[in-house]
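Participant: Compute the structure for the input listed below.
(4 chains)
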There are 4 protein chains.
Amino acid sequence: MLKGLTYAGVGSIESDEHFIRLASQYGFHAVDLDASRLVDVHGIKGAHELLQNHGVEIGSIGLPVEWRTTEEAFRDGLVKLAQNAAAASALGCTSCCTYILPSTDLKAAHFMAHATRRLRTCAQILGAYGIRLGLEFVGPHHLRTRWKHPFIWTLQETLDWIDTIGERNVGLLFDAYHWYTNELTAADIERLRPEQIVHVHINDAPDVPVQEALDNGRLYPGEGVIDLVGFLGALHRIGYKGVVAQEILTSTPQADSPERLIARSKTGFDKVYNAAGL
Amino acid sequence: MLKGLTYAGVGSIESDEHFIRLASQYGFHAVDLDASRLVDVHGIKGAHELLQNHGVEIGSIGLPVEWRTTEEAFRDGLVKLAQNAAAASALGCTSCCTYILPSTDLKAAHFMAHATRRLRTCAQILGAYGIRLGLEFVGPHHLRTRWKHPFIWTLQETLDWIDTIGERNVGLLFDAYHWYTNELTAADIERLRPEQIVHVHINDAPDVPVQEALDNGRLYPGEGVIDLVGFLGALHRIGYKGVVAQEILTSTPQADSPERLIARSKTGFDKVYNAAGL
Amino acid sequence: MLKGLTYAGVGSIESDEHFIRLASQYGFHAVDLDASRLVDVHGIKGAHELLQNHGVEIGSIGLPVEWRTTEEAFRDGLVKLAQNAAAASALGCTSCCTYILPSTDLKAAHFMAHATRRLRTCAQILGAYGIRLGLEFVGPHHLRTRWKHPFIWTLQETLDWIDTIGERNVGLLFDAYHWYTNELTAADIERLRPEQIVHVHINDAPDVPVQEALDNGRLYPGEGVIDLVGFLGALHRIGYKGVVAQEILTSTPQADSPERLIARSKTGFDKVYNAAGL
Amino acid sequence: MLKGLTYAGVGSIESDEHFIRLASQYGFHAVDLDASRLVDVHGIKGAHELLQNHGVEIGSIGLPVEWRTTEEAFRDGLVKLAQNAAAASALGCTSCCTYILPSTDLKAAHFMAHATRRLRTCAQILGAYGIRLGLEFVGPHHLRTRWKHPFIWTLQETLDWIDTIGERNVGLLFDAYHWYTNELTAADIERLRPEQIVHVHINDAPDVPVQEALDNGRLYPGEGVIDLVGFLGALHRIGYKGVVAQEILTSTPQADSPERLIARSKTGFDKVYNAAGL
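Facilitator: As a prediction, this is how the structure comes out:
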């Protein structure tokens, strides 16, 4: 399982190049970033060399499509989706992810109908480029009632939804925080097949009752109460071999330097990977 | 638009044969019934002749699949679905319908995900037999809060869902009572293309505030307050040429004889068809 | 059925604006052109006004995706497809068409598998913009053996393929030349439902044995041997209300001026429409 | 990888019960048979106990649908498909397989269109029961020209077709004989992901030029020239953990007793499994 970073938790990085350089320097093998932007700045050849020279790959790109609001907003993202997918594909990235908010101000069933069709179209476009779509269920309790109607937030609901979307290249973005806030266990992971998981996020939670863990109150791996050893061990046992990318959402920006933050991330990864025997 | 009958509103009919005979006698050209049962009793050849001799066709069959509860119940219906589709197809029927309850005790979004997949599978099976699936939105206000969570009940929601299901053979069952209780107009029908409508139900509503019209408090066509002339006229103008089948749901069984009830239906149909210039 | 023009048969037109102006001047109500190009030159507002001021709509855009060769070529067209679909949609156009060559140098079955998937993805993207995809079967006999393996060229094969692609927004581009070279009759059209037809091409054939009619040897409507009265009459009877666009493919460019060619087209349309009682 | 048997190569077995007993006796863990028939004879509970008491599971059922000829024949199989899927599912079997003949008397492209739609419907029905559909490409050269037009027979064509069918539960039945007659290598297997393989067949080929290896001229594992050690090793390395079922097609029935044939199979399996270090 490749150690990876996202921009969430690494402070004020100057550029994608800076990000790639630091990731490499601290032993990370993957970064999640906007492949189109990287190609715009460096060209495909330049971007490819930049990644290769640092021994880093792109873990996943974000889905650049607004599938949660109006049909117009949805349509507006499709050109960009094809462009981003082309860029990601050219750089060898095969993963694109989006998250599912657990509640909505829209009527839940009607929204589900829209969202199913829209994500199916996104998956079709991504599939043309050999890219999979990862859907992230979001567990923190406060978000389940943040908007008017409950939507979905559990692993099972998300697996069922993936079946309904029905495209072959759709799976899970599995985030440790949502595993924790859904009070799932290693056994829940062990019931999955590795191909059901497109991407993994790692992070940690403060020592508060699980119902009070805030989505933007996350800690670095190994600094909190999530059983990350159980989490990683179960992923390893089922045969997941993809990227495990750190994502630390916080209410205020990190004040520390990127170097110190990424060094701290490295310490956290080493701690939990070692404890898991990986 | 062919005048048709369902079993709802015709009293204590002895048998499908009795139903077909009475329908024919009173000038109806279609009956909605269980094609498999008809074939079981009369054989395919006998059923075919019975219909042909009376100048009556099968308007639509009901969807024999429980898509609203458990996966087990859903699966159990698929054998019967294939059997019924084969029987209906052999008798020239190309329509199968089901209704959508406007609220649910299940989590609405999760249920929508299940229901979308299940109806897609049903549509696939029906499609193999050249049969279309009609989905009936259900408008009465009391049903919108009858169960815990709102599901869907409007025309637009249903059209959006049909798009999401995504199969080519899915459309609307358009019922006058739900058109009325959704406070739709002729203009709403005129925005449809005829191929979006798989089947039509006709009936009437008592002179109570529309919010109080009960789903099982329906009247015979022409005996209530629904603008059936506007309803039929709009359907005709967009080019709908299928069956318009009477469906009178009531809280207690009709005491009258089938002959008198069907004569009453005929009077109602004649009244509203004539007023619509059909 | 709206009278329309394509660029095939109108000579050396200077610009889309010129095309629209001439079409309007000679009583045509639709032009097939590249909506993206029109928007690039005039802006969405300008393009909209240009069309509206001339009482002309866009009949159909061409599919800007290479679905017949490599996966790379296919992917390269998807960005442009989304862009074109957005432009067409903004201008009220709801049709996009492509043609099917009746033979191929690729292994036919494998190519069919690729082509089915690729056109399904195109249809999905178009569907997001409310646009339908029309597939044109191509009848001339010489093309059936032009490449190594037979592919498909009949109406029935194309309808079956549309079912297989399985998206709700796919139908036929029905071209009079291919109707003729397939030796189809008005009865074949009358077995269709109007919604199965996305777009129509009209043209005529020289008085040679049907097996010798060349794809690029077409005549103006009313100047050849195709029973266009039967063709148009049948389309009208089933309720087709869309565009009938002239497409005159010839082996050498037309020498005449656009004005004279379009006047000739008008004469041809008037002749066959009148004869068909339209 | 579980050692399994099919009826092909075990001689005159008296009954499914006999087959299960012998399979168990000789150390096999899976049998491919008709789950519906087993349930018809023993009931679900009885069938379940029979399998469990012998430590044997059902490896795969055959697809009981005629998807290669007429639409009528196709439809006729759908009821049986749902019944068989229900029986298989009740007994814990999650695999259903069919084979693809490499040539056809039908027009290849048109047949591919039909076959894609039909197998998609089969996959949908199987999916409702949690069962995957495995497609077996068939390599022997003589079958490639046995019928009028080439269809598909390579691994890549089959993978492409699976993508086109587009359902999540479709994958490969990978047969050693077809791997050999397609002249594939271990590296070709190593490019697959294990979830792309639904089921595996094992058998051996006589020492004749590969072009002359007949489909019904198969040998027992380890008695011929196929590099079964390479085959099994590659399957193991990519993480395939399912059933490897012997399938010995021969031009004349095996004269030997089932006991002796299955003992011989056991010897063959042991030889190649041991040599592969499994």
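Participant: Close to chain D: what parts of the stretch 51-200 of chain A are there?
Facilitator: A:127, A:163, A:166-168, A:193, A:195 (C-beta under 8 Å from any C-beta of the partner chain). Placement of C-beta: from N, CA and C, glycine included.
Participant: Please repeat the previous calculation with a cut-off of 6 Å.
Facilitator: A:168, A:195 (C-beta under 6 Å from any C-beta of the partner chain).
Participant: Spell out which residues of the stretch 51-200 of chain A are next to chain B.
Facilitator: Within the stretch 51-200 of chain A, the positions adjacent to chain B are A:108-110, A:112-113, A:116-117, A:151-152, A:157, A:160-161, A:163-164 by C-beta under 6 Å from any C-beta.
Participant: again, only this time at 8 Å
Facilitator: A:107-114, A:116-117, A:120, A:149-152, A:157, A:160-161, A:163-164, A:166.
Participant: From these, which land in strands?
Facilitator: Judged by DSSP state E, these include A:149-150 as members of strands.
Participant: Of the residues of the stretch 51-200 of chain A next to chain B, which ones also sit close to chain C?
Facilitator: Near chain C, judged by C-beta under 8 Å from any C-beta, the entries from those are A:Arg120.
Participant: Residues in contact with the helix or strand containing A:Glu259: which ones?
Facilitator: Here A:Glu259 is covered by helix A:258-275, with elements defined by DSSP states H and E. Under the contact criterion C-beta atoms under 8 Å, 6 or more residues apart in numbering or on different chains, helix A:258-275 has outside partners A:3, A:5, A:9-13, A:18, A:22-23, A:25-28, A:202, A:204, A:220-223, A:228-229, A:232, A:246, A:254, A:256.
Participant: Just these: which are in helices?
Facilitator: Applying DSSP state H to the contacts of helix A:258-275, the entries found in helices are A:18, A:22-23, A:25, A:228-229, A:232.
Participant: Pull out the buried members of these.
Facilitator: Under a neighbour-count criterion of 16 or more other C-beta atoms under 10 Å in any protein chain shown, the subset of these counted as buried comprises A:22-23, A:228-229, A:232.
Participant: Quick check: mean pLDDT of stretch A:74-89?
Facilitator: Summarised as a single mean, pLDDT over stretch A:74-89 is 97.
Participant: Give me the nearest residue to A:Leu249, chain neighbours excluded.
Facilitator: Leaving out its chain neighbours, the residue that sits closest to A:Leu249 by C-beta to C-beta, 6 or more residues apart in numbering or on different chains is A:Asn216, at 4.5 Å.
Participant: wait, isn't the one you found in contact with A:Glu247?
Facilitator: No - under the criterion of C-beta atoms under 8 Å, A:Asn216 makes no contact with A:Glu247, lying 11.0 Å away.
Participant: which stretches of chain A form strands?
Facilitator: Going by DSSP E, chain A shows strands at A:2-5, A:30-31, A:57-58, A:61-62, A:95-100, A:103-104, A:132-137, A:149-150, A:170-175, A:197-202, A:243-246.
Participant: Which of those sits closest to B:Lys80?
Facilitator: strand A:170-175 (30.8 Å; C-beta to C-beta).
Participant: Can that closest one be said to contact chain C?
Facilitator: No - no part of strand A:170-175 sits close enough to chain C to count as contact by C-beta under 8 Å from any C-beta; the gap is at least 13.9 Å.
Participant: now that strand: how far from the chain's centre is it?
Facilitator: Distance of strand A:170-175 from its chain centroid, counting by C-alpha atoms, centre = their mean, to the nearest Å, is 8 Å.
Participant: Excluding its own residues, what touches it? List them.
Facilitator: So strand A:170-175 is contacted by A:60, A:97-99, A:119, A:123, A:132-138, A:155, A:158-159, A:162, A:189, A:192, A:195-203, A:235, A:247 (C-beta under 8 Å, 6+ apart).
Participant: Now that strand - C-alpha only, CSV.
Facilitator: As requested, the backbone C-alpha atoms of strand A:170-175 are provided in CSV (Å, rounded to 0.1, in the frame of the first residue of the first chain):
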residue,chain,number,x,y,z
VAL,A,170,-17.0,2.7,-9.7
GLY,A,171,-15.9,1.8,-6.2
LEU,A,172,-15.1,3.2,-2.8
LEU,A,173,-12.9,5.9,-1.5
PHE,A,174,-12.4,4.5,1.9
ASP,A,175,-11.4,7.1,4.5
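Participant: follow-up on the earlier one: just the ones of the residues of the stretch 51-200 of chain A next to chain B in helices?
Facilitator: Of those, the ones assigned to helices by DSSP H are A:108-114, A:116-117, A:120, A:157, A:160-161, A:163-164.
Participant: Show me the two of these that sit farthest apart.
Facilitator: Comparing the members of those, the greatest separation, given C-beta to C-beta, is between A:His110 and A:Asp163, at 20.0 Å.
Participant: Show me which of those two is the more surrounded one.
Facilitator: When A:His110 and A:Asp163 are compared on other C-beta atoms under 10 Å in any protein chain shown, the one with more neighbours turns out to be A:His110, at 24 against 16.
Participant: pLDDT at the closest residue to A:Leu143 other than its chain neighbours, what is it?
Facilitator: Distance criterion C-beta to C-beta, 6+ apart; nearest residue to A:Leu143, sequence neighbours excluded, is A:Pro102 at 5.0 Å. Looking at A:Pro102, its pLDDT reads 98.
Participant: Looks like A:Pro102 contacts A:His142 (just checking).
Facilitator: No - with contacts defined as C-beta under 8 Å, A:Pro102 does not count as touching A:His142, sitting 9.5 Å away.
Participant: Give me the more crowded residue out of the two.
Facilitator: Regarding A:Pro102 and A:His142, a neighbour count based on other C-beta under 10 Å identifies A:Pro102 as having more, with 27 against 15.
Participant: What distance do you get for the more buried one to chain C?
Facilitator: In this structure, A:Pro102 and chain C are 26 Å apart, going by C-beta to the nearest C-beta, to the nearest Å.
Participant: do A:His48 as well
Facilitator: If you measure A:His48 against chain C using C-beta to the nearest C-beta, the figure is 16 Å.
Participant: What is the neighbour count of A:Thr116?
Facilitator: Neighbours of A:Thr116 under the rule other C-beta under 10 Å: 25.
Participant: Please verify my assumption that it contacts B:Ala113.
Facilitator: Yes - the pair A:Thr116 / B:Ala113 is scored as a contact, 6.9 Å apart, by C-beta under 8 Å.
Participant: give me the number of residues near the closest residue to chain D within the stretch 1-150 of chain A?
Facilitator: Nearest residue of the stretch 1-150 of chain A to chain D, counting by C-beta to the nearest C-beta: A:Gly127, 8.0 Å away. Counted by other C-beta under 10 Å, the residues lying close to A:Gly127 total 20.
Participant: Adding distance to D:Leu33, write the strands of chain A out as JSON lines.
Facilitator: Rendered in JSON lines, the data for the strands of chain A read as follows (distance: least, C-beta to C-beta, whole Å):
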{"stretch": "strand A:2-5", "distance to D:Leu33": "43"}
{"stretch": "strand A:30-31", "distance to D:Leu33": "46"}
{"stretch": "strand A:57-58", "distance to D:Leu33": "46"}
{"stretch": "strand A:61-62", "distance to D:Leu33": "47"}
{"stretch": "strand A:95-100", "distance to D:Leu33": "40"}
{"stretch": "strand A:103-104", "distance to D:Leu33": "49"}
{"stretch": "strand A:132-137", "distance to D:Leu33": "36"}
{"stretch": "strand A:149-150", "distance to D:Leu33": "46"}
{"stretch": "strand A:170-175", "distance to D:Leu33": "33"}
{"stretch": "strand A:197-202", "distance to D:Leu33": "34"}
{"stretch": "strand A:243-246", "distance to D:Leu33": "42"}
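Participant: Next, format those as a markdown table and append mean neighbour count and distance to C:Asp32.
Facilitator: Listed next are the strands of chain A as a markdown table, based on neighbours: other C-beta atoms under 10 Å in any protein chain shown; distance: least, C-beta to C-beta, whole Å:
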| stretch | mean neighbour count | distance to C:Asp32 |
| --- | --- | --- |
| strand A:2-5 | 24 | 49 |
| strand A:30-31 | 26 | 46 |
| strand A:57-58 | 22 | 41 |
| strand A:61-62 | 22 | 37 |
| strand A:95-100 | 22 | 35 |
| strand A:103-104 | 20 | 41 |
| strand A:132-137 | 24 | 35 |
| strand A:149-150 | 18 | 45 |
| strand A:170-175 | 24 | 36 |
| strand A:197-202 | 27 | 41 |
| strand A:243-246 | 27 | 47 |
